[in-house]
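[1] any chance you can model this:
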Amino acid sequence: QVQLMESGGGSVQPGGSLRLSCTANNLVTTWYCMGWFRQAPGKEREEVATVDSYGTTTYADSVKGRFTISKEPKTALYLQMNSLKPEDTAMYYCALVFGATCPSQSVNYAYWGRGTQVTVSS
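    Numbers count the residues shown, from 1 in each chain. Below you'll find the model as predicted:
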C-alpha cells in the first residue's frame, strides 16, 4: 500500500515562494505518474502539474513559468512555487497512479495524500 504525505505549505505574501514536498512510502517501482492538485474553497479540484515515468512534465496554464515539478524516484515529489499569487491559495494534494503516463482525469489517480494548505495573502 503506497502512502503519500505532503509538507511545506504555509502562509506567504504575494510574490513569495514555497516548496512543497510529497514523500512516498512503500514505492518499489519507477513506473508511475505523480501529480500535484489543488482545491480552493467552493471550487473544483484542479490539476496543477504532473510528471510521468519518463520524466515528462505538464503544467496548468495558470502556473506555467512560476511552478516547477520534480521528483526523486521512488521517494518523493516536489513542487517549487515562485511568484505566488492570491489565487494560488488552496489545499494542495499529491497523487500517484501506476503506469507509464499520466491520466487525463484526476479520478484515475489511485493514491492521494491528505494535503497541505497554501495561503497567499498580504
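[2] all strands of this structure, in order?
    Counting by DSSP state E, the chain has these strands, from start to end: 3-7, 10-12, 18-25, 32-39, 46-51, 57-59, 67-72, 76-81, 90-98, 111-112, 116-120.
[3] figure out which of the ones you listed is closest to Gln105.
    strand 46-51 (8.9 Å; Cβ to Cβ). C-beta here means a position set from N, CA and C on the backbone, and glycine is covered the same way.
[4] can you list the buried residues in that closest one?
    47-51 (16 or more other Cβ atoms under 10 Å).
[5] ok, now stretch 37-57?
    Neighbour counts over stretch 37-57 (16+ other Cβ under 10 Å) mark 37-38, 47-53 as buried.
[6] now for these: which two are most distant?
    Arg38 and Ser53 (22.9 Å).
[7] low pLDDT regions in the protein?
    Nowhere does the chain drop to pLDDT under 70.
[8] need the residue closest to the centroid of it.
    Trp36 (1.8 Å; Cα atoms, centre = their mean).
[9] that one contacts Ala90, correct?
    No. Trp36 is beyond contact range of Ala90, at 10.4 Å (criterion: Cβ atoms under 8 Å).
[10] fine by me, thanks again.
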